[in-house]
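Peer 1: What follows is a predicted protein model with its sequence.
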Amino acid sequence: MIDGSKTRIVAALQATLLGSYLFTGYVDLLYILVYDFFVRLYLTSLLSPLELIAIGVESLFTREKHSGNRLDKEFATHIALTIVSLSLTAGLLEYPKIAFTFTLALVIWKILEATTNICLGCKLYERLQRKGINIISL
């Protein structure tokens, strides 16, 4: 079971950080996102600052769980980590337009996920699975 409300809260927080980066150009916000995605993928979500904030916010409201596949969320998180890493690299190499383009794409994705509960990375994973392409995580 995947907790849909917590996932949406995390997506909203990610969209907020990404939007803040777009408006301020403050690269340290991307460091926070890289750390968050990396920790959730390779360590434990209990070390993720956004996950901890989401747990706190969620505890104020009722819980809503829906069935889902953990592999599709992991695949989507890998894509998000790649996009944030590319944006961070482009920003550090002083290509701000490329960095903002990657960030804007991820902002749109995360706003869509937070508001409509549609995960584009999950949909891509499902489509690849239907085509017979198996995704193997590292």
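Peer 2: Ah, there it is. Numbering: from 1, shown residues only.

Peer 1: right, and the helix or strand after the helix or strand of the chain with the lowest mean pLDDT?
Peer 2: Of the helices and strands making up the chain, the lowest-confidence element is strand 65-66, at a mean of 49, by mean pLDDT, DSSP states H and E. Using DSSP states H and E, the helix or strand that follows strand 65-66 in sequence is helix 70-92.

Peer 1: Show me which residues of that following helix are buried.
Peer 2: Residues 72-81, 83-88, 90-91 are the ones in helix 70-92 that count as buried (16 or more other Cβ atoms under 10 Å). Heads up, the C-betas are built off the backbone N, CA and C, glycines and all.

Peer 1: Please apply the same query to stretch 49-61.
Peer 2: Here stretch 49-61 shows Leu50, Glu51, Ala54, Ile55, Glu58 as buried, counting by 16+ other Cβ under 10 Å.

Peer 1: Checking the residue in the chain sticking out farthest from the centre next. Helix, strand or coil?
Peer 2: Most distant residue from the mean C-alpha position of the chain: Gly132, 25.1 Å away (Cα atoms, centre = their mean). With DSSP: H, G, I helix; E, B strand; the rest coil as the basis, Gly132 sits in coil.
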